[in-house]
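Asks: Just the structure for this:
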Amino acid sequence: QARLEEFGGGLVQAGGSLRLFCAGSGRSFRNDVMGWFRQAPGKEHEFVAAISRASGMTKYGDPVKGRFTISRDDEKNTVYLQMNSLKPEDTAVYYCAADRLSVIITTNMGAYRDWGHGAQVTVSD
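Replies: Modelled structure (predicted):
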């Protein structure tokens, strides 16, 4: 059974950095578009970043552009989210997700069928 699991969340001061990992198991995610979404308390899920197969293209949500970087290592079946210059408003549960069908990147949550359980990221003032 396909599974995604996030690692690397935690507590960091504003201006600091964290790197999230998303490890896939049960099948290869090599041909999937891989994405990160987040949900802050009391808010809807928000698109953070996504990367196409073979790392051909990336896309970022406006709030994280220039600060976050998504990458993938298909040999390790792993996707990464490097988060720099973190702000308190980045505090959220971060979810990794896989879109098996799309050829191009989509920010539509419904296209992503496999999801991890999330990793908490807390940024203090």
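Asks: Could you report the neighbour count for the residue lying closest to Ala2 once chain neighbours are set aside?
Replies: Nearest non-adjacent residue to Ala2, counting by C-beta to C-beta, 6 or more residues apart in numbering: Gly26, 4.2 Å away. In short, each C-beta sits where N, CA and C put it, glycine included. The number of residues packed near Gly26 is 11, by other C-beta atoms under 10 Å.
Asks: mind checking the backbone torsions on Gly26?
Replies: The phi/psi pair for Gly26 (degrees, to the nearest 10) reads phi 90, psi -30.
Asks: list the buried ones in the helix or strand hosting Glu5?
Replies: In the assignment (DSSP states H and E), Glu5 maps to strand 3-7. Buried residues in strand 3-7, defined by neighbour count with 16 or more other C-beta atoms under 10 Å: Leu4, Glu6.
Asks: Give the partner strands of the helix or strand just after that strand in its sheet and their orientations.
Replies: Next in sequence after strand 3-7, counting helices and strands by DSSP H and E, comes strand 10-13. Strand pairing for strand 10-13, using DSSP bridges, gives strand 119-124 (parallel).
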